[in-house]
Structure formats: structure tokens, C-alpha cells
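# The following block contains a protein sequence and its predicted model.
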Amino acid sequence: MPAIDFPIQIALLDDHPLFRQGLRYILQGLPYVEAVVEAGEFREMLAHCRQRVPDVLLLDLQMPGVDGPEAAQRLLKEFPGLKIIVLSAFSADKFIAQMMELGARSYLAKDSDYEQLRRAIEDVLTTGHHFTPRISRALARHAQPPGRVATRLLNPVPLTPREEEVLRLICEGCTAAEIADQLFISRRTVEGHRQNLLQKTSAPNSAGLVVYAVRHGLLDA
């Protein structure tokens with residue numbers, strides 16, 4: 001993992017003050033974090049983003065008024081480059097799939113430990129996303145409902161053998177560094193393959209790649 005050599009701002013949108021305060025204390029200990037801002041409701045966070053878009057936003061799923069999905073949609077419409085990591089007590093497949101398909105860069109449970117949170121933030125900052133096997137499984141189950149058998153659709157986009165390998169590892173939740181180690185290639189090459197996959201499949205993000213792979217029978221859902 002390359003070092004984060006620039007100061008960043010992290011924002012927290014969660015309606016529980018005690019949780020926000022504890023999380024802010026943890027985040028302020030990261031060497032590359034310059035500031036942590038927090039808000040308990042959507043309008044407050046929107047006003048802050050209009051002054052300065054944070055580098056990463058940690059977003060709760062269930063809040064009064066504007067909930068997580070609506071908050072993500074409205075924020076990403078106005079600030080499409082905003083990197084959102086969902087941090088929620090809800091872990092059902094439908095919630096994970098919905099938020100990832102809306103454009104979240106990762107999805108963590110609120111009982112995640114410090115290392116899981118740190119790694120997610122650093123992956124999102126350096127590669128644009130943090131995928132986990134849990135996220136991949138949720139997307140696969142959402143794309144392929146129970147009782148249906150995944151079959152290859154006619155005339156799928158032609159992928160090279162290396163692109164299929166990279167796609168399979170992305171679907172398993174591997175990071176760019178892990179894919180590079182397994183395939184004995186550089187991280188830059190991995191990112192190149194990922195960009196080619198996004199372009200070929202017209203997937204908007206890594207979540208879209210998983211959905212594409214399942215719907216075309218390219219892996220076992």
C-alpha cells in the first residue's frame with residue numbers, strides 16, 4: 001500500500017453524536033488526516049461540501065429525514081467525485097448492493113475494527129475503491145436471485161484471458177495489490193486491466209463489474 005503523502009479531510013455523516021465523537025478521535029490519529037468534520041443531518045453536510053468537498057465521506061445508512069441512499073444520490077449528483085464509504089449496522093445483501101450500485105466506494109459494518117477502517121480509507125484514496133468478499137457476495141446474490149442458474153449470455157463483450165483473471169479476482173474482493181501479487185504483475189498493470197474492463201463492459205465501477213460477471217455467467221455466483 002503506497003503511503004498517503006498528502007493531508008486529507010474526512011467527513012462523518014451520522015445521527016449519533018457519541019459514535020461520531022469516538023470515530024473522530026480514531027481518525028485524527030491517522031498521520032495523513034488534516035481535519036475531521038462531522039454532521040448529524042444531511043443539510044449540514046451538504047452545506048459543508050459546498051464549501052469544501054471532503055476527500056472521504058463516512059456515511060451512515062439509516063438517519064431521520066434524508067437516509068443514506070438518498071444522501072448518497074444527492075451528494076454524488078452534485079459532487080460526482082466524492083468518495084463515500086458506508087459505515088452501517090445493516091449488513092443485508094440488499095443494502096450493500098444498493099449502496100455500491102449507487103456509487104459508494106466501499107461498505108463496512110459498524111463493528112469493523114480499526115485496521116479494517118484504515119485499510120478501506122487508504123484503498124479508496126489510492127485505488128478509488130475498497131472491495132471485500134462480503135461486498136462481492138452481496139452483489140452476486142443481488143444480480144443472480146436464488147433459484148436461477150447463471151448462464152453465459154450470447155455474445156458477451158470479448159475479454160482477454162488476463163482480463164478474465166483480473167475480473168475474477170475483483171469479484172473475490174481482492175485489492176489491486178493482492179491481484180498484482182497473485183498474477184505477478186504490477187499494480188499499474190492491474191489498474192490498466194480494470195480500466196479496460198470498465199470500458200469494455202460499460203460498468204460504472206467495480207460493483208458494476210461484479211454484476212456484469214454474474215449476469216454473463218463468468219463466475220459462480
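Nice, I can see it. Residues are numbered from 1 along each chain as shown.
# how's the protein carved up into domains?
Domain assignment for the chain, taken from automatic domain parsing, gives 8-130, 141-215.
# burial measure for Val157, as a count.
Val157 sits with 12 neighbouring residues when counted by other CB atoms under 10 Å. Every residue, glycine included, has its C-beta placed from N, CA and C.
# Who are the contact partners of the nearest residue to it once chain neighbours are set aside?
Counting by CB to CB, 6 or more residues apart in numbering, Lys200 is the residue found nearest to Val157 once chain neighbours are left out, at 4.7 Å. In this structure, Lys200 makes contact with Val157, Pro158, Leu159, Glu163, judged by CB atoms under 8 Å, 6 or more residues apart in numbering.
# distance of Lys200 from Arg188?
Computed as CB to CB, to the nearest Å, the Lys200 to Arg188 distance reads 19 Å.
# where does the protein have low pLDDT?
Scanning the chain for pLDDT under 70 picks out the ranges 1-3, 144-155, 219-221.
# any chance you could map the helices in it?
17-27, 42-51, 68-78, 93-102, 114-127, 133-143, 161-171, 176-183, 187-201, 206-215 (DSSP state H).
# Looking at the ones you listed, which one is packed in the most?
helix 206-215 (a mean of 24; mean count of other CB atoms under 10 Å).
# what packs against it?
For helix 206-215, the packing partners by 3 or more CB pairs under 8 Å, 6 or more residues apart in numbering; DSSP states H and E come out as helix 93-102, helix 133-143, helix 161-171, helix 187-201.
# With only the CA atoms kept, save it in PDB.
Output of helix 206-215 as PDB, limited to C-alpha atoms (Å, rounded to 0.1, in the frame of the first residue of the first chain):
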ATOM      1  CA  SER A 206     -16.200  -2.300  -9.500                       C
ATOM      2  CA  ALA A 207     -19.700  -3.100  -8.300                       C
ATOM      3  CA  GLY A 208     -20.900  -3.000 -11.900                       C
ATOM      4  CA  LEU A 209     -18.100  -5.400 -12.900                       C
ATOM      5  CA  VAL A 210     -19.400  -8.000 -10.400                       C
ATOM      6  CA  VAL A 211     -23.000  -7.600 -11.600                       C
ATOM      7  CA  TYR A 212     -21.700  -8.000 -15.200                       C
ATOM      8  CA  ALA A 213     -19.700 -11.100 -14.400                       C
ATOM      9  CA  VAL A 214     -22.700 -12.800 -12.600                       C
ATOM     10  CA  ARG A 215     -25.200 -11.900 -15.300                       C
END
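# can you list contacts of it?
Surrounding helix 206-215, the residues in contact under the criterion CB under 8 Å, 6+ apart are 97, 100-101, 129, 131, 135-136, 139-140, 142-144, 150, 153, 167-168, 170-171, 194, 197-198, 201-203, 218-219, 221.
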